[in-house]
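# when you get a sec, could you give me coordinates for this:
(one chain, ligands or ions: 1)
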Amino acid sequence: MANILIIGAGGVGRVVVHKCVQNRDFFKKITLASRTLSRCKELQDEVGEENIDIAEVDADSVEELVTLIQKVKPDMVLNIALPFQDLTIMEACLKTKIHYLDTANYEHPDEAKFEYKEQWAYDDRFKKTDIMALLGSGFDPGVTNVFCAYAQKHYFDEIEMIDILDCNDGDHGYAFATNFNPEVNLREVSSKGKYWENGKWIETEPMEIKMIWDYPQIGKRDSYLLYHEEMESLVKHIKGLKRIRFFMTFSKEYLSHLKCLENVGMLGIEEVEHNGEKIIPLQFLKTLLPDPSTLGERTNGKTNIGVVVTGTKDGIKKSIYIYNICDHQKCFKETKAQAVSYTTGVPAMIGAKLILEGKWMKKGIYNMEQFDPDPFMRELEMQGLPWHIEEL
Ligand code: NDP
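Sure, this is the predicted structure:
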């Protein structure tokens, strides 16, 4: 029976709230806090006042966070705000001795870096304080790491290659919109690509490498090589790995909009002067684009995210494909969110549940593949994200 504090009432936060309320026999007390109280109130009205408490907090302020945590006295804080808040929330957890979980690695507001270095550096302090942090408990990172750990445990003596394949085939009817926070999403897809081979990182131009993959229940789609954060931890924790890559699908229409926005400077994260005021182009673009949390109702189609793992078992080389298929409209009916938020929010709830049940509890900072994948895979089946395995 657990008491949790969820920070962030956006698209993913909404799914975490719904899923925790569905597991109310375990999550005895749920508090949702965010920057804009009205968004928390909206969710509270939806799931019932008797099920969650709400609060306003600026998660950029360690002081405000500490005051809130001391008041709520949770067993764990789920950081479902933005990657910019990871370090302040971790600091507040250290000061109050409370376990921490997030779904995305720390990002500098003024520099797109995507690395775990700064969060991993907290390991000693978390161990000394007797608390744990689970990093990246979403889908990718998150479930994709668990899929790799599952492949390692049950299918291979040694893994040589991993391809992570992320397809969102949803159609929301807009010419251009992002499936989650535009600031975070557009920084990710406009950055240089990078993959790991034979002990070193190889950089590519954005969208330079393309392959066509046939996604079950979706079909063949153009898939582009991107850098994605889970590769950094998988390289460290999957022994013997020789190559790891990440691919994401994009339509031609999305890519031509992206190129145009980039060419005119709208993806910039440095301040520019506009009519005597300083603005950040990407933040302004976020204001113009549809709010991802409003896309759910109008999004049709499916997501398919998975991993292809190649390696050897008993001296024989083989490849397996583990994936989940998620239907946007089914997710919306259940949580009023589209599948990208759903596939992130469900694993966040599962991560918190496994930690607080003691199944995934260890002091220090951890990534998902460092734990026994079996209880997580069982929960995925039960909590709305069933998975499939094929031998290729
Ligand atoms: P949204 O932008 O929809 O929601 C973010 C929420 O955090 C908003 O409610 C926002 O408040 C709140 N917030 C932002 N800054 C602060 C702050 N300083 N203090 C308090 N609250 C704040 O984002 P998403 O829900 O789409 O994404 C949430 C997280 O999930 C992100 O970190 C994202 O990177 C991650 N993610 C991970 C994925 C994975 O598979 N691992 C996939 C998709 C997303 P306000 O309402 O005032 O704006």
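# write out the residues of this structure neighbouring the ligand.
Counting by CB under 6 Å from any ligand atom, the residues of the chain close to the ligand are 8-13, 34-36, 39, 57-60, 80-83, 85, 103-104, 136, 138-142, 180-181, 184, 292-293, 340-341, 344. C-beta coordinates here come from the backbone N, C-alpha and C atoms, glycine included.
# only whichever of the residues you listed are buried, select them in PyMOL.
Selecting only the buried entries of those in PyMOL, with 16 or more other CB atoms under 10 Å as the criterion:
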select buried, resi 8+9+10+11+12+13+34+35+39+57+59+60+80+81+82+83+85+103+104+136+138+139+140+141+142+180+181+184+292+293+340+341+344
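# can you tell me the closest non-neighbouring residue to the residue of the chain found nearest the ligand?
At 1.7 Å from the ligand, G10 is the closest residue in the chain, using CB to the nearest ligand atom. Leaving aside its sequence neighbours, G10 sits nearest to S293 (CB to CB, 6 or more residues apart in numbering; 5.7 Å).
# also P141?
Residue nearest to P141 in three dimensions, not counting chain neighbours: E230, with 3.7 Å by CB to CB, 6+ apart.
# give me the neighbour count for that neighbour.
By the criterion of other CB atoms under 10 Å, E230 has 28 neighbours.
# now it: how far from I238?
11 Å (CB to CB, to the nearest Å).
# now swap in Y155 and tell me
From Y155 to I238 the distance is 13 Å (CB to CB).
# re earlier: so the residue nearest to G10 makes contact with T335?
No: contact criterion CB atoms under 8 Å: S293 and T335 do not qualify, at 11.0 Å.
# need the overlap of contacts for those two.
R14, S341 (CB atoms under 8 Å, 6 or more residues apart in numbering).
# what ranges do the strands span in the stretch 251-392 of the chain?
272-274, 277-279, 302-313, 316-327, 364-367, 387-391 (DSSP state E, counting those that start in this stretch).
# ok, now which ones touch V72?
N3, L5, T31, D53, A55 are the contacts of V72 under CB under 8 Å, 6+ apart.
# just among these, which is most surrounded?
Counting by other CB under 10 Å, L5 has the largest number of neighbours within these, with 27 neighbours.
# hang on, the earlier thing: now the strands of the stretch 251-392 of the chain in JSON lines, with mean pLDDT and mean neighbour count?
Converted to JSON lines, the strands of the stretch 251-392 of the chain look like this (pLDDT from 0 to 100; neighbours: other CB atoms under 10 Å):
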{"stretch": "strand 272-274", "mean pLDDT": "94", "mean neighbour count": "10"}
{"stretch": "strand 277-279", "mean pLDDT": "94", "mean neighbour count": "10"}
{"stretch": "strand 302-313", "mean pLDDT": "98", "mean neighbour count": "22"}
{"stretch": "strand 316-327", "mean pLDDT": "98", "mean neighbour count": "18"}
{"stretch": "strand 364-367", "mean pLDDT": "98", "mean neighbour count": "22"}
{"stretch": "strand 387-391", "mean pLDDT": "97", "mean neighbour count": "13"}
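# for A175, find the nearest of those.
Closest approach to A175 among the strands of the stretch 251-392 of the chain is made by strand 302-313 (20.3 Å; CB to CB).
# so which of the strands of the stretch 251-392 of the chain is nearest D166?
For the strands of the stretch 251-392 of the chain, the distance to D166 is smallest for strand 302-313, at 4.8 Å, taking CB to CB.
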